[in-house]
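Peer 1: Sequence unavailable; structure follows:
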C-alpha cells in the first residue's frame, strides 16, 4: 500500500488509544468493571470473550458512540474523558478532535445505500473534515484501486458482494487518515480467501504505524493477526498478553474454559 494509508504519530512510545479503569453500566447492571486497555502505534490488539462479556460496549465507548460512566480515555495526548465511577466528564473539544483519530468498520458495514461507492468513501472527509474535494477524490480512488474496487466506483452497495462492501467500508475509514482503526467482527462473513486478505490488510496497516483494535469471536484469526489479545469476562479483562501465548497457553481458568468451547 502507498502513503495514503500510512499513519503518522508524533510519539510512537505513547499509546495511540488508552482506556484506564473504565466503567459502564446499563439500568444498574455493570457491563464494564474497571477495564484498562491500550493499543500502541503499529500494534494489533484483539478483544475476545464470550457473548455478553462487554466487548461491543467497550468498542462503542472507545469510538464515543456511547460514554463511559467512569475512568479515563485518551487518544494520543488528548484526554477525552476522566473521572471517578459515576462522575466521568467528557471534554467536548477533545471529543471532536479525537473523532478524527480513528476509523471504525462496523460488522454491518453501514454504507449509505443510495450513494455510489466513490461517494461513500469521499463523504466524511469532505463533510466532516472539510477537506478539498479534488484531493479527497484522488485519495479515494487510490484507496479503491489498492483494495481492488476501482471498477466498482460508480456502483451502489447492493450491487456488491459482502466482501466488496466490507472493503468499501475499510476504504471509507482509511480516507479519514486515522491513527487507529477498529474492526467489529472483521471476518465474520468472509470465506477463507477473503479472511486471508483481511489478515494481510490489517497487518499492513500495523506495519505502517497504525494502531488496530479488533473485536472478534474467531480465535484462529485473532491468534495469527494480533500482537496482543485481551480476554474480557463479565466486564473485566482477566487475561492479556501475546496472542499466541494467551490463546495457545492460557493461564486463567476462565480463559481456558472459553477457549475450549470456542470454534476456530
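Peer 2: That came in fine, so what should we check first? Note that the structure is a prediction, hence the values are computed from the model and not measured. Residues are numbered from 1 along each chain as shown.
Peer 1: just for the stretch 151-264 of the chain, where's the confidence low?
Peer 2: 189, 263-264 (pLDDT under 70).
Peer 1: Could you do the stretch 1-150 of the chain as well?
Peer 2: 1-11.
Peer 1: which residues in it form strands?
Peer 2: In the stretch 1-150 of the chain, the strands defined using DSSP state E, counting those that start in this stretch lie at 17-26, 29-39, 44-48, 70-75, 78-82, 89-90, 102-105.
Peer 1: go on, the stretch 151-264 of the chain?
Peer 2: Assigned by DSSP E, counting those that start in this stretch, the strands in the stretch 151-264 of the chain fall at 180-184, 211-215, 228-233, 236-242.
Peer 1: mind putting the ones you listed in TSV, mean neighbour count and distance to residue 120 included?
Peer 2: Quick note: C-beta positions are derived from backbone N, CA and C, even for glycine. TSV is the format used below for these (neighbours: other C-beta atoms under 10 Å; distance: least, C-beta to C-beta, whole Å):
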stretch	mean neighbour count	distance to residue 120
strand 180-184	25	17
strand 211-215	26	21
strand 228-233	23	31
strand 236-242	17	35
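Peer 1: out of these, which comes closest to residue 49?
Peer 2: Closest of the strands of the stretch 151-264 of the chain to residue 49 is strand 228-233, at 3.8 Å (criterion: C-beta to C-beta).
Peer 1: That closest one packs against which elements?
Peer 2: Contacts defined by 3 or more C-beta pairs under 8 Å, 6 or more residues apart in numbering; DSSP states H and E place strand 228-233 against strand 44-48, strand 236-242, helix 243-248, helix 253-261.
Peer 1: now, of the ones you listed, which is deepest in the fold?
Peer 2: The highest mean neighbour count among the helices and strands packed on strand 228-233, using mean count of other C-beta atoms under 10 Å, belongs to strand 44-48: a mean of 26.
Peer 1: Name the residues that touch it?
Peer 2: Identification of contacts with strand 44-48 by C-beta atoms under 8 Å, 6 or more residues apart in numbering yields 37, 39, 55, 58-59, 202-203, 206, 211-217, 219, 222, 225-232, 243, 258.
Peer 1: Now do it: distance to the chain's middle.
Peer 2: 9 Å (C-alpha atoms, centre = their mean, to the nearest Å).
Peer 1: try stretch 219-226
Peer 2: Its chain's average C-alpha position is 15 Å from that of stretch 219-226, according to C-alpha atoms, centre = their mean.
Peer 1: contacts for that stretch?
Peer 2: Applying C-beta under 8 Å, 6+ apart, the set of residues contacting stretch 219-226 is 44-46, 48, 186-187, 195, 198-199, 202-203, 214, 216, 229, 243-244, 247-248, 259, 262-264.
Peer 1: quick one: which of the helices and strands packed on strand 228-233 is nearest residue 75?
Peer 2: Of the helices and strands packed on strand 228-233, the one closest to residue 75 (C-beta to C-beta) turns out to be strand 44-48, at 14.8 Å.
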